[in-house]
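Asker: Sequence and predicted structure, then a few things I'm wondering about:
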Amino acid sequence: MREILLTSQENSSTVGDVLEPLNGPEADEKSGQTGQQFKVGRVLLRRLRRICAVVVKNSAYENVGVWYAGLIAGKLAAEVVYYYAGTLPSEFYRVLGDRDFPAFASLLGRCVVVVGLAGSCKAALEYVSGLIGVVMRQELTRYTHSRYLRAPSFYPAATSSSIDNPDQRITQDIERLTRSGADVLAELLIAPFLIAYYTMQCWSMAGIYGPLAIYIYFGIGAAATRLAMAPIIKQVYMQEQAEGDFRFHHVRTGESAESIAFISGEDRERAAADRALTAVTGTQRRVLGKQLHLGLLTQVFAYMGSTVSYVIIGVPIFMGTYDDKSGTELSSLISVNAFVSIYLIYRFTSVIELTKRMADVAGYATRLVQLWEELDRLDMEAESYDAESGASMCDSAVIVARGLDVCTPNGAQLVTGLDLEIGVQDPLVITGPNGAGKTALLRTLCGLWRPGGGEVQLARSNGALDVFFLPQTPYIIGGSLREQLCYPGLWGGRHAMCYNADIVRILAAVGLSHVADVVGISNLDYPYKVQTWLRLLSPGERQMMSIARVLFWRPKFVMLDECTSALDASAAEALYRAMLDAGITVVSVSHSAHLERFHSRRLHLDGCGGHTIHDIC
Ligand SMILES: Nc1ncnc2c1ncn2[C@@H]1O[C@H](COP(=O)(O)OP(=O)(O)OP(=O)(O)O)[C@@H](O)[C@H]1O
């Protein structure tokens, strides 16, 4: 728990800035505000442990643990084959040196079999490690979905400034983490066994000084690479952040293509896209620059290794240990000895190279676990808020606000001390100048924002919420017409039971009969892409579809945030009449005077924190 708190404090050092700079990572880096720890140490290990625990716990039915144990066992078994293949050249030296043709032919046959086996082992292990990566991705993503896409954390996490691009962390970072993470870990796990085995072999051939020289050589290399690795983790983190911002820019311009084209904003969008690209390539260059240092170390270390292997075998030869051997025997011995010591050095080198891949993995892991940590923090905050406020889940037929202060997440007070009770058949319209806090009041009433003071009680039936909220922008989903109408499918403790006749009746009531005709009654369950729906429905028709959902669910209350702003007066009035006829009490935010007559009271926010409530005659 304490660790979670500490991490949230780490994260929260980036929070609080209301206005975020455009090119986040660069600005963060320059101002030193990233507030993240990128050291290869306890925090990173704790995060990796958490990822492993989630995979193991959630993938029990896929037996990923068994597959992983199999992968490690397979890698160890393959090493026996590689070792055997590695000693074959020394046998070739011997049989060729002795001009022994039958032995040469038989060795050639063995060589073909062994090399074929070694290649097959490698391909099979790559396949298994790829499969494990897929299962890991599936489980980590499902777990993250289960933490992210749920109330009450979803809204604050998705809109939070303390965690960038949650979408990218879920769709891309997990994929990259799992693509190489499983293999890197397996290699790191088998490395100690192989190093122990080849140390013994090297010792038996070259004496204690052989492995000792290699160990000292590796110790220097490991210390140098540890130093070179930390900045890479940080830069990979920054690059991912910049990639997310870049992708977001393109997603947003794609979504807003019409608005941009109407106003001829292409040039400005191109400049902004180029700026985001510069931020990405800038971080990419920095990653490459940091990787160059590590690459220089690992490559020089690797190439120098073969030279060290000749020094190792050279010492016993020049000390006369092998004076009794013939020329052929000595060549064979040098070959096998060189193989053992080069392989031992290669193993050490590959551990160091693995640290390079590990640096990338650590960057992705950091981004993923940071998201979980932010979700932990939000969950804890919600729990303590519920405990403090004693949030009541009792049934109630009214919406009540007592002494309610409406504040933005940054603490700016918009409405002060609101006392309000809305009963059934007591529709209320909320008015006020732009920016007065009308939407903010709805957000606070429905619990998306915490009240700055006072309390809120919402209507409930059998413990389930009886208030439906419709935002300013209608939300259109990908799926069938039935799903479109029944969204979100489960509401107020009820599962959608939507018969064909209901669809036809409700669409007719909101003026969307033609949509049912276009789709066809036999096609009500045919899933269409969201783009198809967006082409089929005009902005006004999307608002009609939102109201159709209200008529389908028939809640006691509905809160409408300028939900008919794209409709002509008669269409908007028809929708209000349909809702009132269905016995639904509306609480509307509206700038349209002609809709006031559908309400019995008006709450007016003056934009300076004050408010008045009047009856509408
Ligand atoms: N997520 C947020 N973080 C900080 N401040 C916010 C946030 N959302 C809105 N605000 C601020 O709260 C104020 C009120 O916004 P709100 O959307 O409630 O106004 P409104 O009365 O609905 O305006 P309009 O009639 O233009 O829709 C605005 O000045 C805005 O800057």
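Answerer: Received it, and whenever you're ready, just let me know what you need.
Asker: List, one by one, the residues from this protein near the ligand.
Answerer: Contacts of the chain with the ligand, taken as Cβ under 6 Å from any ligand atom, map to T408, P409, N410, L414, G432, N434, G435, A436, G437, K438, T439, A440. Any C-beta I mention is one placed from the backbone N, CA and C, and that applies to glycine too.
Asker: What pLDDT is listed against the residue nearest to the fifth one when sequence neighbours are not counted?
Answerer: To tie it back to what came earlier, the one meant is G432. Spatial nearest neighbour of G432, excluding adjacent residues (Cβ to Cβ, 6 or more residues apart in numbering): L605 at 3.5 Å. On pLDDT, L605 comes in at 96.
Asker: Nearest to E541 among the residues of the chain next to the ligand?
Answerer: The closest of the residues of the chain next to the ligand to E541 turns out to be T439 (Cβ to Cβ; 22.5 Å).
Asker: could you give the mean pLDDT of the host helix or strand of that closest one?
Answerer: Assigned by DSSP states H and E, T439 belongs to helix 438-445. The pLDDT scores in helix 438-445 average 93.
Asker: Which residue of the chain lies farthest from its centroid?
Answerer: D324 (64.8 Å; Cα atoms, centre = their mean).
Asker: Check whether it sits in a helix, strand or coil.
Answerer: Following DSSP: H, G, I helix; E, B strand; the rest coil, we place D324 in the coil state.
Asker: now, among the residues of the chain next to the ligand, which is nearest to C202?
Answerer: For these, the nearest to C202 is P409 (62.4 Å; Cβ to Cβ).
Asker: and that closest one, what does it touch?
Answerer: The neighbours of P409, taking Cβ atoms under 8 Å, 6 or more residues apart in numbering as the test, are W449.
Asker: Assumed it was part of a helix.
Answerer: No - read with three-state DSSP, P409 is coil and lies in no helix.
Asker: Quick check: pLDDT value at it.
Answerer: 86.
Asker: ok, now the one 10 residues further on?
Answerer: Here the pLDDT value assigned to D419 is 95.
Asker: OK, contacts around the residue at minimal distance from the centre of the chain?
Answerer: Per Cα atoms, centre = their mean, the C-alpha nearest to the average position across the chain is that of I170, at 2.0 Å. By Cβ under 8 Å, 6+ apart, the contact set of I170 is T141, T144, H145, Y148, L371.
Asker: closest to I342 among the residues of the chain next to the ligand?
Answerer: Nearest to I342 among these, with distances taken as Cβ to Cβ, is P409, at 60.2 Å.
Asker: Figure out the helix or strand that I547 lives in.
Answerer: Going by DSSP H and E, I547 is part of helix 539-553.
Asker: same question, R535
Answerer: Assessed by DSSP H and E, R535 sits inside helix 530-536.
Asker: Which residues does that helix contact?
Answerer: So helix 530-536 is contacted by I476, I477, G478, Q484, V515, V518, Y528, R542 (Cβ under 8 Å, 6+ apart).
Asker: Likewise for stretch 117-133?
Answerer: Residues from elsewhere that reach stretch 117-133 (Cβ under 8 Å, 6+ apart): 64, 67-68, 70-71, 74-75, 77-78, 81-82, 85, 178-183, 186.
Asker: Equivalent analysis for stretch 245-262, please.
Answerer: With Cβ under 8 Å, 6+ apart as the criterion, stretch 245-262 contacts 23-25, 164-165, 167-168, 265-266, 269, 272-273, 276-277, 279-280.
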